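Asker: Can you look at this prediction? I've put the sequence above it.
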Amino acid sequence: MKLVEPPSCSAASTIVFIGRNHRGQWVAQQQNGLYGGMFVNRAQAVKYALFENGQHPEMIVELSREFELDISGETAPLPASRVA
């Protein structure tokens, strides 16, 4: 029997924040800033987030306020709402 860790314990499934920046572009970024990108629409941001976090939609958090892509490697802001 294979044991499976819940998403909160798995290093492979990390939280990815998505939201819009001040120009209205969609941004996706891993919570620790290890990866991220800018996208023309929400669907592409979600697709990227799923690819990067190992297909875990429960680990994608959509922010309701402006969200800028941070390439400094600092921790992203706290989530406002989840995407399922």
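Answerer: Perfect, I can see it now. Keep in mind it's a predicted model, so treat the numbers as computed, not measured. Numbering: from 1, shown residues only.

Asker: beta partners for the residue nearest in space to the middle of the chain?
Answerer: The centroid of the chain falls nearest to Val16 when counting by CA atoms, centre = their mean (1.7 Å). Beta-bridge partners for Val16, by DSSP bridges, are Gln30, Ile60.

Asker: need the contact list for it.
Answerer: Val16 makes contact with Ala28, Gln29, Gln30, Gln31, Ala49, Glu52, Asn53, Met59, Ile60, Val61 under the criterion CB atoms under 8 Å, 6 or more residues apart in numbering. Backbone N, C-alpha and C define where each C-beta goes, glycine included.

Asker: Now neighbour count and distance to Gly37 too, for these, in a markdown table please.
Answerer: What follows is the contacts of Val16, written out as a markdown table (neighbours: other CB atoms under 10 Å; distance: CB to CB, whole Å):
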| residue | neighbour count | distance to Gly37 |
| --- | --- | --- |
| Ala28 | 28 | 6 |
| Gln29 | 27 | 8 |
| Gln30 | 17 | 10 |
| Gln31 | 18 | 15 |
| Ala49 | 29 | 9 |
| Glu52 | 19 | 9 |
| Asn53 | 23 | 13 |
| Met59 | 22 | 17 |
| Ile60 | 21 | 14 |
| Val61 | 20 | 16 |
